[in-house]
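here is my input, please return the structure:
(one chain, ligands or ions: 1)
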Amino acid sequence: MPAAKLALEDGTVFTGENFGAVGEISGEVVFNTSMTGYQEILTDPSYRGQIITMTYPLIGNYGVNPEDVESSGLKLSGFIVRELSRRRSNFRSSAALEDYLAEAGVIGMSGIDTRALVKHIRTAGAMTGVLSTTDLDDASLVAKAKASPGLVGRDLVNEVIPEKSYSWDEKLSPWANVASTIEKQPASGPQPHVVAIDYGMKWNIPRHLADLNCRVTVVPGTATSAEVLALEPDGVFLSNGPGDPRPLDYAIRTIQELLGKKPIFGICLGQQLLGLATGMEIYKLKFGHRGANQPVMNKQSGCVEITSQNHGFALDAKTMPDDVEVTHVNLNDDTVSGIRHKTHAAFGVQYHPEASAGPHDSRYLFEQFYQSMLVG
Ligand SMILES: NC(=O)CC[C@H](N)C(=O)O
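Numbers count the residues shown, from 1 in each chain. From the prediction side, this is the model:
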């Protein structure tokens, strides 16, 4: 296989082998600790602008398929694995990971000591890097990494949102319902209308809502409150999405105007925007939380949920206004994992109850949103 290099802005260089597309790309270098779910990770739009390193040492062994996608395409910058599986074996597999990346124009690199890279990021923090198959000169690549933009202050949402509104019908796949603890809503029960504001939404979220018999209309993240209200929703969902939430003034304004008018539920970027709309502040984590094994405590029930996560920014609990409270805490580092407005029907979580991939412990949050729409 041809050579590929990753150069970090602090001068560290890794040399490996190329798979997938060829070329050169910059991005924030981050790591994900999930053992499975690489196709869901690759298609999660929240990874826009990032080069992902998988900590699990063998990736690609079950191939890819047309169903396990979380969006219309691959929005990430690059993908790094210790070892690319030479064989794929799964009855659902329709293509090999390397062909999937090549077709999507995403550069992959294998054959580096991913443990060393991850330990370096954990110590020094997430940083900008350049992944290249065309320029293999260390000094030149490091200079390019230093000159590349980071994530802070950039609006990456407008690169991944849908062009126009549409209605969503797809329900959860039968695979996702294995081991479900949530009772299915009877098809004859209430069918609340959810307007899902899409900032780069993972598709398993509207699949969950549709599974609960919600009628779902997806609108682009740039939608105004008037546009959302004109659809006469029973509830508004705020999606996950890429990058720094702070430059997204238009989204924060829309949420401020919707607060108190309709029940609101936000996931990840959606909860960050909800927090910003209530006056909270955001800071950047040193290296973020990305994986399917993050412990979160629900402060109301005292139960611990094992959650799927992907975020690099977090809400600052110290800036919480009196009418907002923390409902969930990340047990690894005590960061804010969930918030709730005390007087308006509005809540959010920093993690991914839709899983995909990941444990189903937090699925009750969709049911909670459903119930909040029934009471109005
Ligand atoms: N998955 C997400 O919505 C990520 C939110 C935000 N882009 C962050 O990195 O913190």
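
give me the pLDDT for the nearest residue to T319 once chain neighbours are set aside.
Excluding the flanking residues, the one nearest T319 by C-beta to C-beta, 6 or more residues apart in numbering is E281, at 4.2 Å. For the C-beta atoms, the positions are set from N, CA and C on the backbone; glycine is no exception. For E281, the pLDDT comes out at 98.

how long is stretch 314-328 end to end?
End-to-end distance of stretch 314-328 (C-alpha to C-alpha, to the nearest Å): 13 Å.

gap between the residue nearest to T319 and the ligand?
14 Å (C-beta to the nearest ligand atom, to the nearest Å).

which residues touch that residue?
Going by C-beta atoms under 8 Å, 6 or more residues apart in numbering, E281 touches 315-316, 319.

and for R48?
By C-beta under 8 Å, 6+ apart, the neighbours of R48 are 75-77, 156, 159-160, 200, 242-243.

cutoff 7 Å now
75-76, 156, 159-160, 200, 242-243 (C-beta atoms under 7 Å, 6 or more residues apart in numbering).

from the residues you listed, which is closest to G63?
L76 (18.5 Å; C-beta to C-beta).

from what I can see the closest one touches G49, true?
No - L76 lies out of contact with G49 (C-beta atoms under 7 Å); the separation is 8.0 Å.

tell me the domain ranges of the chain?
In terms of domains, the chain is parsed into 3-147, 157-375 (source: automatic domain parsing).

end-to-end on the first one?
So the one you mean is domain 3-147. Taking C-alpha to C-alpha as the criterion, the two ends of domain 3-147 lie 23 Å apart.

do the same with stretch 1-15
In stretch 1-15, first residue to last residue: 12 Å (C-alpha to C-alpha).

run through who's touching that stretch.
Stretch 1-15 has contacts (C-beta under 7 Å, 6+ apart) with 16-19, 29, 80, 107, 109, 112, 117, 120, 124, 127-133, 136, 138, 141-142, 145-146.

and stretch 112-126, C-alpha only, in PDB?
Extracted in PDB, the C-alpha atoms of stretch 112-126 (Å, rounded to 0.1, in the frame of the first residue of the first chain):
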ATOM      1  CA  ILE A 112       0.600   3.600  12.800                       C
ATOM      2  CA  ASP A 113       0.800   3.200  16.500                       C
ATOM      3  CA  THR A 114      -2.600   4.600  17.300                       C
ATOM      4  CA  ARG A 115      -2.000   4.100  21.100                       C
ATOM      5  CA  ALA A 116       1.000   6.500  20.800                       C
ATOM      6  CA  LEU A 117      -1.100   9.100  18.900                       C
ATOM      7  CA  VAL A 118      -4.100   8.800  21.300                       C
ATOM      8  CA  LYS A 119      -1.800   9.100  24.400                       C
ATOM      9  CA  HIS A 120      -0.200  12.200  22.800                       C
ATOM     10  CA  ILE A 121      -3.600  13.800  22.200                       C
ATOM     11  CA  ARG A 122      -4.700  12.900  25.800                       C
ATOM     12  CA  THR A 123      -1.600  14.700  27.100                       C
ATOM     13  CA  ALA A 124      -1.300  17.600  24.800                       C
ATOM     14  CA  GLY A 125      -5.000  18.000  23.800                       C
ATOM     15  CA  ALA A 126      -6.800  17.700  20.500                       C
END
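
anything in it near the ligand?
No - Stretch 112-126 is not in contact with the ligand by C-beta under 6 Å from any ligand atom; minimum separation 9.8 Å.

okay, buried residues for that stretch please.
By 16 or more other C-beta atoms under 10 Å, the buried positions in stretch 112-126 come out as 112, 114, 117-118, 120-121, 126.

reformat those as JSON lines; add secondary structure.
Formatted as JSON lines, the buried residues of stretch 112-126 follow (DSSP: H, G, I helix; E, B strand; the rest coil):
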{"residue": "I112", "secondary structure": "coil"}
{"residue": "T114", "secondary structure": "helix"}
{"residue": "L117", "secondary structure": "helix"}
{"residue": "V118", "secondary structure": "helix"}
{"residue": "H120", "secondary structure": "helix"}
{"residue": "I121", "secondary structure": "helix"}
{"residue": "A126", "secondary structure": "coil"}
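
list the contacts for whatever residue of the stretch 101-250 of the chain ends up closest to the ligand?
Nearest residue of the stretch 101-250 of the chain to the ligand, counting by C-beta to the nearest ligand atom: N240, 3.1 Å away. By C-beta under 7 Å, 6+ apart, the contact set of N240 is 46, 199-202, 267-270.

likewise for S356?
For S356, the contact set (C-beta under 7 Å, 6+ apart) comprises 40, 70, 202, 204.

isn't T319 right up against M280?
Yes - assessed by C-beta under 7 Å, T319 is found in contact with M280 at 4.8 Å.

the two: who's more crowded?
It is M280, of T319 and M280, that has more neighbours when counted by other C-beta atoms under 10 Å, with 19 against 15.

tell me if the more buried one really is in a strand.
No - per three-state DSSP, M280 lies outside any strand segment and is coil.

going forward can the numbers begin at 35, since that is how I track them
Sounds good: first residue 35 from here, last item M314.

shouldn't it be in contact with L349?
Yes - if you go by C-beta under 7 Å, M314 and L349 touch, sitting 5.2 Å apart.
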